[in-house]
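K.L.:
Provided below are the primary sequence and the corresponding predicted coordinates.
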Amino acid sequence: MRYLAIASLLLLGGAIAVAAKYDVEILECKARRVEEGRLSIDGQVRAAKAIKKLKLTFDFLTSDGELLSSEQAPVEDDSIGRGQESSFHAEAENPPGSVRLKIRAFDGDGRQLRVGNDGPFIID
């Protein structure tokens, strides 16, 4: 019986650790060139915890993964509850040579959050 209780606790602890791997998960991200020198970025995020004033930072990368520049944009909702989803839309300058982007996230106090499925996403 003791072994069963210990095994149950270990499994429960493992499930909690898996759930706490990230604070924000990128569910969808599409980036496309809309006109000369401009990008449109749209997507969906889900919060693993309550977050106020979530901001996403888009890191534009070369084909070799070299960082060219970064742009920041807020998500649509001012506050996102645990397990809730929100959309984002951003317009950004298209750095010459950028073909992919990765996403970072920050809360309203400027603390960097852990991001699940952060990319890289292809720029069409």
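P.N.:
Great, that's in hand. Residues are numbered from 1 along each chain as shown.
K.L.:
May I have the phi/psi pair for D109?
P.N.:
Here is the backbone geometry of D109 (degrees, to the nearest 10): phi -90, psi 0.
K.L.:
So what's the residue count around it?
P.N.:
7 (other CB atoms under 10 Å). Where you see a C-beta, it was placed from the backbone N, CA and C, and this is true even at glycine.
K.L.:
can you check the one 5 residues further on too?
P.N.:
The tally of other residues near R114 (other CB under 10 Å) stands at 14.
K.L.:
excluding its backbone neighbours, what's nearest it?
P.N.:
Once flanking residues are discounted, R114 sits nearest to Y22: 4.4 Å by CB to CB, 6 or more residues apart in numbering.
K.L.:
going on from the biggest strand by length in the chain, what's the next piece of helix or strand?
P.N.:
Criterion DSSP state E: the longest strand present in the chain is strand 24-35. The first helix or strand that comes after strand 24-35 along the chain, using DSSP states H and E, is strand 38-47.
K.L.:
strand partners of the following helix or strand past that following strand, parallel vs antiparallel please.
P.N.:
Going down the chain from strand 38-47, the next helix or strand is strand 51-52, by DSSP H and E. Applying DSSP bridges, strand 51-52 is found paired with strand 79-80 (antiparallel).
K.L.:
Buried residues in the helix or strand following the strand it pairs with, which are they?
P.N.:
As assigned by DSSP H and E, the chain's next helix or strand after strand 79-80 is strand 85-93. Buried residues in strand 85-93, defined by neighbour count with 16 or more other CB atoms under 10 Å: S86, F88, A90, A92.
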